[in-house]
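Visitor: Below is the sequence, then the predicted model.
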Amino acid sequence: MTRTAHDKGGAAVHLTELTKRYGNAPAAVDAVNLEIAAGEFMTLLGPSGSGKTTTLSMIAGFTRATSGRIEVGGHDVAGLPPYKRDLGVVFQHYALFPHMTAAQNIAFPLKQRKVGKAEIAARVADALDLVHLGGMGDRLPRQLSGGQQQRVALARAVVFNPRVLLMDEPLGALDKKLREQLQGEIARMHRDLGITFVFVTHDQEEALALSDRIAVFNEGRIEQVGTAADLYERPETLFVARFLGESNVLTGTMTDPSTLEGHGFRVAVPRTGASGGPSGPASRTASVVIRPERLTVLPADARIPAGHNALRGTVSGLTYLGAHSTVTVELDCGERATVREPAAARSEISAGAPVQLTRPIAHGVLVSG
Amino acid sequence: MGENELRGGVGLRLWGALVGAVLIAPTLIVIPLSFTGKASFTFPPESWSLRWYQNFFTDPGWRDALLTSVRIALLVAVLASALGTAAALALDSGRVPGKGLINGLLLSPMVVPQIVAAIGVYAVFLKWGLAGTTLGFVLAHTALAIPFVIVAVSAVLRGYDRRLEQAAASLGAGPLTTFFQVTLPLILPGVLSGAVFAFVTSLDEVVIALYLQSPELHTLPVQMFSSVTVETDPTIAAASTLVLVVTTMLILLPQLLRRRSPEETR
């Protein structure tokens, strides 16, 4: 179980039909399947109560799974207590031992593994350097700032060379500036250590900035797993589209495989969405998701380019934001759309002006429901 | 405004001092009495001597009672701290069903009249052959002392983050290591004050001890009780003074220590 400092590399984590039930309530985690590759930075993203933290807690061993398998490096660990799983864990509220100095905190996992005194001293010093806290080893946690405490916690969680590092909203208790700084350090640690990171957050920007892939959780299930670009450009569900970034959504009925009709609108849609699009009578109801930067505002009398859809409406708001401006349009069908355009003074767009919104048909994503 | 507050503070302090004096003064009478030179309880004493202290430490009856009491109280302190701490940790973990009921049951010795407990304990221990034995005293007193430990440990647990135990587990520490290296150092103030209360509870206990005593084995309070009822010997004043000083010191000691290192309590 104890491995040497040279033995680097992450372990794959496979979750199979992982389920957690509390009494008769709906499952907190409902048959989750997830394959995390060795060395990958996987983020579990979702609103509070979506099951992401419970999933992490089951991987760590703090919460006993009701059913399902948890494999780390090919071994089923579901029956092992947390102290035999050999996984690093970083907690939201640091969870440093308040009666031990920073160095003693970092030495703790090494002592459990019966590492020799001289080696402990060397590895603790290295770990402190890794998180830029060299020379602060003899401070007690309460003598350190929140950011410094979380760095100590990070050092403590990786000093014993675990093959997987689990992080439960590690930046949640820090202010914005520190959060960005530590994001950079976590990304660097992931590069340098080469181990598997499983990171829980409800902050989509954090998830987009750090992750190789993101698993979006909702009501105990995974809605979609993919890279940041996958999730943003090709959301498979309305929930994912709404949770990541801004989106304009039109919901209606498919009248033929390439046409969506709703109250007061009729749009052409790409024949296949990322999910292959809805098919069969069960999914006649569908939504098209269009990102604000994919829409263009044209004057009411302009010609629509070929291969584009157009919707008519009236400008209700215009916000100049430097690099870009945001235009809010009340569509004739009753929906409100947001458009983000590169900022350029355009006299023909002003509040109250009738306009057309256009988009290339290929740039809409069709999702069921 | 500020002056009024100050005056209110002084008034409150005077009132507090008065209440304290009324409560404590009768107890303090035994101190001068213990230094009397005569074999009587005349107050104030007409002459002074240490003969009653000498008697206390040399008379086999008193000396044996003292040693018995201290021995039992030490065993009770150890046993009650261990059991009470374990119970407080279990009740705090949130994993125990029927927590309220168990808590009430464990704290009941604080509420049940001691004479009722004493009769029950006597009847059962007589049958089990525990009456008049050290083990019998220790068991009965431990039951009385456990609530004090639970209350003291539960109080420090409120400021203790149980997630530290998860952290320790994630770092490779098993339950025992986690308890001795993480939990115990952090809740030690509560455990120690619980142990002191347990020790004093046993040292002071007289009702159950009266029932469980045998000619060969009786505790200091029992010796004092029989001394009051059958003799008029100022040795009891010396004994009372010693018990008073020792228990007061034990109770005040943790607070004095805490004041010296205010950082360690956080």
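Guide: In hand now; what should we look at? Residues are numbered from 1 along each chain as shown, chains lettered A, B, ... in the order given.
Visitor: what does chain B have sitting close to chain A?
Guide: B:161, B:163-164, B:166-174, B:177-178, B:181-182, B:185-186, B:266 (CB under 8 Å from any CB of the partner chain). From N, CA and C alone the C-beta is placed, and that goes for glycine too.
Visitor: Just the buried ones from those residues?
Guide: Buried members of the residues of chain B next to chain A, counted by 16 or more other CB atoms under 10 Å in any protein chain shown: B:161, B:164, B:166-173, B:177-178, B:181-182, B:186.
Visitor: just checking, which of the residues you listed belong to helices?
Guide: Those of those mapping onto helices are B:164, B:166-170, B:177-178, B:186, per DSSP state H.
Visitor: Where in chain B is the helix or strand with the lowest mean pLDDT?
Guide: Least confident helix or strand, chain B: helix B:2-28 with a mean of 79, by mean pLDDT, DSSP states H and E.
Visitor: quick one: what helix or strand has the residue in the stretch 1-150 of chain B that chain A sits nearest to in it?
Guide: Residue of the stretch 1-150 of chain B nearest chain A, by CB to the nearest CB: residue B:95 (11.2 Å). Under the criterion DSSP states H and E, no helix or strand holds residue B:95.
Visitor: do the same with residue B:121
Guide: helix B:114-128.
Visitor: What is the helix or strand that that helix is followed by packed up against?
Guide: Using DSSP H and E, the next helix or strand after helix B:114-128 towards the C-terminus is helix B:134-157. With contacts defined as 3 or more CB pairs under 8 Å, 6 or more residues apart in numbering or on different chains; DSSP states H and E, the packing partners of helix B:134-157 are helix B:60-92, helix B:99-107, helix B:114-128, helix B:184-204, helix B:207-212.
Visitor: could you redo the last one with a cut-off of 7 Å?
Guide: Counting contacts by 3 or more CB pairs under 7 Å, 6 or more residues apart in numbering or on different chains; DSSP states H and E, helix B:134-157 is packed against helix B:60-92, helix B:99-107, helix B:184-204, helix B:207-212.
Visitor: that older thread, out of the buried ones among the residues of chain B next to chain A, flag the one nearest to residue A:72.
Guide: Relative to residue A:72, the closest of those is residue B:170; by CB to CB it sits at 13.2 Å.
Visitor: shouldn't that closest one be in contact with residue A:91?
Guide: No: the pair residue B:170 / residue A:91 is not scored as a contact, 8.7 Å apart, by CB atoms under 7 Å.
Visitor: Mind listing residues that contact the longest helix along chain A?
Guide: Ordering each helix of chain A by length in residues (DSSP H) puts helix A:176-193 first. Contacts to helix A:176-193, defined as CB atoms under 7 Å, 6 or more residues apart in numbering or on different chains, come from residues A:8, A:41, A:131, A:147, A:150, A:154, A:158, A:171, A:174, A:197, A:206, A:209-210.
Visitor: out of those residues, which are buried?
Guide: Looks like these have A:41, A:131, A:147, A:150, A:154, A:158, A:171, A:174, A:197, A:206, A:210 buried, using 16+ other CB under 10 Å.
Visitor: For those residues, point out the one with the lowest pLDDT.
Guide: Lowest pLDDT within those is found at residue A:174 (87).
Visitor: Using the three-state scheme, assign that one.
Guide: coil (DSSP: H, G, I helix; E, B strand; the rest coil).
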